[in-house]
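[1] no FASTA, just this:
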């Protein structure tokens, strides 16, 4: 590999950190820690955006970083923590696969993601194109988290992590989406989480638990 | 002006009804707002009729032959459904299935839902289209769970998470599209996501990235269309929510989602010059038709039955768009129109039938005709129309699709015919025993609003016999634009 400017090396390190956090989330069984990891992932994403903004001088990237900070580092984790306390869901012990199995599948997913990202990074005009593969890997690992978990809360964390991956992908390949789209997406995520909060209380009121086992009575032949 | 009214009325209505949605006259206010939206849509249509394609707000919004009739259709069905929901929701309130507070939520979200669909249809910006599609899901999640029964919560959760994950795939597809577009159009301004700009340069877009983008977009928006095997949320959400919501989900949201898929297909096909997008659409479409028509046999719930029928018809539409070419596209557009009108009419009739018999289980609904001839005949005629009996419009579109398939994709014709036959037997047998025979049905305190049912069926009948020349012209222009084949 040729020598890269220092800033780019930091950016790549941050990208690697994002991937590492995705794996940590895949393995984590404590819901509180899961939310903390999500917040940390948001913080890394925010740092990467800031660095890129500083390097390219694109004003809207600063704005995007601020949005990430407010929404993904501060507000959403706060909301999720509040929900966890109020609803008393702390552990997600039941998973479809054990930790080792999930990790192995996760490794395969990463290899697949880099293959998938090949044509995209070939096209990307940005200096950070090696990060595109990592973004795809983060998206797919979040997807895996959602598939293997049973508790509604962990699925939501997986969903938000997927959103992080999408933003990182857009940022590293094109320096971010147009402002209006980014604002709209952020608004949707925010509303989704608020709807979800209402929704959790409805589920709890009805079943006294947030375990998705209860939500399996609607079958094809009903 | 008309355009501002079109988007502004339902948006303002959503805000106003969030405060006043539980008042005694709120159902009428809801209907009046929907009527105002319809008036704006008609005024806009008349203007397009004279002036041709229009753009608004620095090309952020546009009206062309492909979306103009969908805008009017959405406003029309939005209005008739609000007419239907007036007595329907009053009965639900009387039966104690919902409280006044939930009625307020219902009215507010109903208007918001219409607004998001109109936004998704008229926006020129593919990113905004994504935002509007996601907002359409979010505004209906709490409506699916309106009754707070365990089954409705499960349906709502499935709807939320499956469509959420699906739509995240579509966002990734949109990002990929943007990456490819930015190469050609440059990142300056926001023109790189404007559909009209992309359409102009589609031949220069990088094919490998675009084919990847299409896979994600099709899976993402396809989840909302209810294409098999991504259809799991659809029957649950339709069956467990209040019937007016089933009617607009099935009649309108599915149309808007398939509209998004086709918009993306036009771009990708222009770049790829390969049959990949067409084949994928045909494959998903065919799978949906076959799977849904066989699953129809296992249904016991009347709303689930017609939800599966919606999957089947979305499959037919996707298959027709996949075949492409002037005739198949024309037929698919016609099918979108008549399916939307017929299916919402059926849900109106089915909703009243279920309310009268106090159950959605079909075995316990008997002899509708003796107690309420209009509901009974509405359900019967609607079912005949959706099953493709002449002279209704569904017959015309299905006939066109089948004859084109015979010529273009001969392998598919027998499969389609068998699936349609299976669906016919499944639905007709069940509807017949619900409509005729000994009765189990009781009377309701509020007279049901059956005008919408017969209005829709009359329109479907008209489209089967005679398509107004300007509508046919729009269909043809849109079919040319969609291309393919």
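    Received, thanks. Computed from a predicted model, the values in this text were never measured in an experiment. Numbers count the residues shown, from 1 in each chain, chains lettered A, B, ... in the order given.
[2] in which helix or strand does the spatially most central residue of chain A reside?
    With distances taken as CA atoms, centre = their mean, residue A:161 lies nearest the centre of chain A, 1.2 Å away. For residue A:161, the enclosing helix or strand under DSSP states H and E is helix A:152-174.
[3] which other helices and strands does that helix contact?
    Under the contact definition 3 or more CB pairs under 8 Å, 6 or more residues apart in numbering or on different chains; DSSP states H and E, helix A:152-174 sits against helix A:6-27, helix A:31-56, helix A:59-68, helix A:76-87, helix A:131-148, helix A:179-207, helix B:150-185. From N, CA and C alone the C-beta is placed, and that goes for glycine too.
[4] closest to residue B:458 out of the ones you listed?
    Judged by CB to CB, the one of those that comes nearest to residue B:458 is helix B:150-185, at 32.4 Å.
[5] avg pLDDT for that closest one?
    When the per-residue pLDDT values of helix B:150-185 are averaged, the result is 87.
[6] mind checking how far residue B:8 is from chain A?
    Note on residue B:8: its distance to chain A, by CB to the nearest CB, to the nearest Å, is 18 Å.
[7] in which helix or strand does that residue reside?
    Secondary structure from DSSP H and E places residue B:8 in helix B:2-20.
[8] can you check residue B:472 too?
    Using DSSP H and E, the element containing residue B:472 is helix B:469-482.
[9] does anything pack onto that helix? Which helices or strands?
    Using 3+ CB pairs under 8 Å, 6+ apart as the contact criterion, the neighbours of helix B:469-482 among helices and strands are helix B:65-94, helix B:254-272, helix B:326-357.
[10] could you check the angle the last one makes with helix B:254-272?
    Right, helix B:326-357. Computed by axes from the mean of the first three to the mean of the last three CA atoms, to 10 degrees, the angle separating helix B:326-357 from helix B:254-272 equals 160 degrees.
[11] any idea how far stretch B:168-179 is from the chain center?
    Between the mean C-alpha point of stretch B:168-179 and the mean C-alpha point of its chain there is a distance of 23 Å (CA atoms, centre = their mean, to the nearest Å).
[12] got the contact list for that stretch?
    Taking CB atoms under 8 Å, 6 or more residues apart in numbering or on different chains as the criterion, the residues outside stretch B:168-179 that touch it are A:120, A:123-124, A:139, A:159, A:162-163, A:166, A:169-170, A:173-174, A:177-178, A:185, B:126-127, B:130, B:133, B:192-193, B:198, B:209-210, B:212-221, B:223, B:260, B:264, B:267.
[13] for residue A:65, see how far away the spatially closest residue to the residue nearest to the centre of chain A that is not a sequence neighbour is.
    Take residue A:161 and drop its neighbours on the chain: the residue closest to it by CB to CB, 6 or more residues apart in numbering or on different chains is residue A:142, 3.9 Å away. Residue A:142 sits at a distance of 21 Å from residue A:65 (criterion: CB to CB, to the nearest Å).
[14] what does residue A:132 give?
    Counting by CB to CB, the gap from residue A:132 to residue A:65 is 19 Å.
[15] neighbour-wise, which of those two wins?
    Comparing residue A:132 with residue A:65 by neighbour count (other CB atoms under 10 Å in any protein chain shown), the higher total belongs to residue A:132, at 30 against 22.
[16] would you confirm that the more buried one contacts residue A:122?
    No: with contacts defined as CB atoms under 8 Å, residue A:132 does not count as touching residue A:122, sitting 9.5 Å away.
[17] could I get the helices and strands packed on helix A:152-174 as CSV with distance to residue B:322?
    Rendered in CSV, the data for the helices and strands packed on helix A:152-174 read as follows (distance: least, CB to CB, whole Å):
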stretch, distance to residue B:322
helix A:6-27, 36
helix A:31-56, 38
helix A:59-68, 37
helix A:76-87, 39
helix A:131-148, 27
helix A:179-207, 28
helix B:150-185, 18
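[18] the ones you listed: lowest mean pLDDT?
    In terms of average pLDDT, helix A:179-207 trails the rest of those, at a mean of 81.
[19] from chain B, how far out is the closest residue to residue A:54 other than its chain neighbours?
    The shortest distance from residue A:54 to any non-neighbouring residue, by CB to CB, 6+ apart, is to residue A:7 (7.9 Å). Applying CB to the nearest CB, the value for residue A:7 to chain B is 20 Å.
[20] what residues are up against residue A:7?
    A:51, A:54-55.
[21] re earlier: wait, which of the helices and strands packed on helix A:152-174 is closest to residue B:390?
    With CB to CB as the measure, helix B:150-185 is the member of those nearest residue B:390 (35.7 Å).
[22] pull out the buried positions in the closest one.
    Applying a neighbour-count criterion of 16 or more other CB atoms under 10 Å in any protein chain shown, the buried positions in helix B:150-185 are B:151-185.
[23] tilt between it and helix A:152-174?
    Using the same axes, to 10 degrees, helix B:150-185 lies at 10 degrees relative to helix A:152-174.
[24] how far away from the center of its chain is helix B:150-185?
    Once both centres are worked out by CA atoms, centre = their mean, helix B:150-185 turns out to sit 18 Å from its chain's centre.
[25] now swap in stretch A:121-141 and tell me
    The offset between the C-alpha centroid of stretch A:121-141 and the centroid of the whole chain comes to 15 Å, using CA atoms, centre = their mean.
[26] before we move on, what about stretch B:172-190?
    Centroid separation between stretch B:172-190 and its chain, computed with CA atoms, centre = their mean, is 29 Å.
[27] excluding chain neighbours, what is closest to residue B:70?
    In this structure, residue B:70 finds its nearest non-sequential neighbour in residue B:121, 5.4 Å apart by CB to CB, 6+ apart.
[28] now the helix or strand containing the one you found: buried residues?
    With secondary structure defined by DSSP H and E, residue B:121 is part of helix B:100-122. When neighbours are counted by 16+ other CB under 10 Å, the buried residues of helix B:100-122 are found to be B:102-122.
[29] which ones are touching residue B:313?
    Here residue B:313 is in contact with B:335, B:339, B:343, B:386 (criterion: CB under 8 Å, 6+ apart).
[30] mind running it again at 6 Å?
    The neighbourhood of residue B:313, defined by CB atoms under 6 Å, 6 or more residues apart in numbering or on different chains, consists of residue B:339.
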